[in-house]
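Visitor: Got a sequence here, can you model it:
(one chain, ligands or ions: 1)
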Amino acid sequence: MSVIKRDVIVIGAGAAGLFCAAQAGARGRNVEVLDHAKKIGRKILMSGGGRCNFTNMYAEPDNFLSNNPHFCKSALSRYTQWDFIGLVASYGIAYHEKTLGQLFCDDSAKDIVNLLESECAKADVTITTRCEILSVEKVASGFVVNTSLGMYECKSLVIATGGLSMPKLGASPFGYQIAEKFGLPVLPTRAALVPFTLHEKDKSVLAELSGIAVDVAASCNNTSFKEAMLFTHRGLSGPSMLQVSSYWTPGDEVEINLMPTQSASELIEDARTNNPDAQLATCLGKVFPKRMVQSFIELNGWRNVPVKQLSHAECSEIADTLQEWKIKPNGTEGYRTAEVTLGGVDTDALSSKTMMAKDVDGLYFIGEVVDVTGWLGGFNFQWAWSSGWAAGQVA
Ligand SMILES: Cc1cc2nc3c(=O)[nH]c(=O)nc-3n(C[C@H](O)[C@H](O)[C@H](O)COP(=O)(O)OP(=O)(O)OC[C@H]3O[C@@H](n4cnc5c(N)ncnc54)[C@H](O)[C@@H]3O)c2cc1C
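Guide: Numbers count the residues shown, from 1 in each chain. Okay, here's the model as predicted:
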């Protein structure tokens, strides 16, 4: 059987892999990207509700979780959000800031996939889909990659197979298995940026609120996010919940300030002074949707009586609950709906400048497979671009 020889093989035609391949190809390297899926960049196409939140104007290392929070600094500073924004602009792709620095395509996420495909085409990169990787071996000249489409030999091998979230989109544990095969430690993985599910007692009351969104400040393990929360028929979702899910471990409580810009006790005191005959539901209905007020009264056993009849203790309990609602999720929806995977290839085993394994010459790990996980808001794609760029300069 003939062997296809390449300078660089990139496994995974997602955000990081395609971007890295284009960089390496632009340096004159003979590059091929292999992917088992039918289509390239499937997560990009699904991302940002089909408009791809491709970066964040305020991206900085603090927006990333990792066992080593310093690891991402080098790559993020060498290829920044402004570099990628410049590239997007050079393709004439229209984009806008939705909120909090999050940049989305005006039109379609397909624009970003087209950009990556064009960059690869300009750099003479070959992209091969529907290719199963059967084995990877280290040899003196580099690596031998045996696939369903034939045998490859390469000097550099870049693993860009992402995390475990959304197996329907082609996610697999391949990257972690390769890391382990070559002796790199893999830190425990966990679904993140994922909706919470609730215990039956809470769910039976709150499921009725499915579809209601409120602005909150949600905190877990000393990290807080001020964004919207969405009640769903399974539990709690929306940006604030997805964000804190990355900091949550089973058994933890999530604290939710349901009135992050207003004082709940002032609201109640004001009603007691100016509208004492109004019922509690009417008073709270000034701030929250009616259905939500009814459910919270039921859930907490509050008396829905004229506010003047509430004792001081009752008023302060209501105010405290609204400002510090504590809920213990039952779990999360898991990898089926998670946007990302926490954990992964231990950064201690990689060079932060090149993403190459410290002990395996020519083997690189980039993107989500690495133990670097961004917040919601374009940070994960920025990590894919930055880490892909770093490896693409040397692979
Ligand atoms: C629904 C959804 C929406 C998202 N929205 C955003 C967003 O708007 N902004 C943002 O910053 N992040 C978003 N993310 C996260 C972002 O998509 C990922 O962090 C990013 O795609 C990771 O890039 P990657 O190249 O490392 O991996 P991926 O993009 O996941 O690419 C991995 C590639 O490897 C291939 N592969 C896997 N296993 C194998 C194997 N065994 N053999 C061969 N090929 C294999 C896959 O088919 C895939 O093409 C979203 C994620 C999801 C699931």
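Visitor: can you pull the buried residues of the helix or strand hosting A21?
Guide: In this structure, A21 sits in helix 15-26 according to DSSP states H and E. Within helix 15-26, the residues that qualify as buried are 15-26, counting by 16 or more other Cβ atoms under 10 Å. Every C-beta, even on glycine, is put in place using the N, C-alpha and C of the backbone.
Visitor: The residues you listed: which ones sit near the ligand?
Guide: Filtering those for neighbours of the ligand using Cβ under 6 Å from any ligand atom leaves 15-17.
Visitor: sorry, back to before: the helix holding A21 packs against which elements?
Guide: Using 3 or more Cβ pairs under 8 Å, 6 or more residues apart in numbering; DSSP states H and E, the elements in contact with helix 15-26 are strand 3-11, strand 31-34, helix 110-122, strand 150-159, helix 379-392.
Visitor: Would you mind saying which of the ones you listed lies nearest K73?
Guide: helix 379-392 (10.0 Å; Cβ to Cβ).
Visitor: What parts of the protein come near the ligand?
Guide: When proximity is defined as Cβ under 6 Å from any ligand atom, the chain approaches the ligand at 11-17, 35-37, 42-43, 46-48, 52-53, 133, 160-162, 165-166, 170, 172, 174, 339-340, 367-369, 378-381, 384.
Visitor: Quick check on those: which are buried?
Guide: 11-17, 35-37, 42-43, 47-48, 52-53, 133, 160-162, 165-166, 170, 172, 174, 339-340, 367-369, 378-381, 384.
Visitor: which residues touch N221?
Guide: Counting by Cβ atoms under 8 Å, 6 or more residues apart in numbering, N221 touches 247-249, 252.
Visitor: I'd like those laid out as CSV, including pLDDT and neighbour count.
Guide: Listed next are the contacts of N221 as CSV, based on pLDDT from 0 to 100; neighbours: other Cβ atoms under 10 Å:
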residue, pLDDT, neighbour count
Y247, 98, 19
W248, 98, 21
T249, 96, 8
D252, 98, 13
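Visitor: Among these, which lie within strands?
Guide: When strands are assigned by DSSP state E, not one member of these lies inside them.
Visitor: Of those residues, just say which sits nearest to the ligand.
Guide: Nearest to the ligand among the contacts of N221, counting by Cβ to the nearest ligand atom, is Y247 at 17.2 Å.
Visitor: wait, isn't that closest one in contact with A218?
Guide: No - counting by Cβ atoms under 8 Å, Y247 does not reach A218; the two are 9.8 Å apart.
Visitor: With T332 as the reference, measure out to the residue in the stretch 201-350 of the chain that the ligand sits nearest to.
Guide: Proximity of the stretch 201-350 of the chain to the ligand (Cβ to the nearest ligand atom) peaks at E339, 3.9 Å away. In this view, E339 and T332 are 11 Å apart by Cβ to Cβ, to the nearest Å.
Visitor: repeat for K353
Guide: As judged by Cβ to Cβ, K353 and T332 stand 34 Å apart.
Visitor: For those two, indicate the residue with more neighbours.
Guide: Neighbours per residue (other Cβ atoms under 10 Å) separate K353 from T332, with T332 holding more: 23 against 13.
Visitor: The more buried one bridge partners, please.
Guide: Counting by DSSP bridges, T332 forms beta bridges with F196.
Visitor: ok, it - contacts?
Guide: 191, 194-197, 245, 248, 338.
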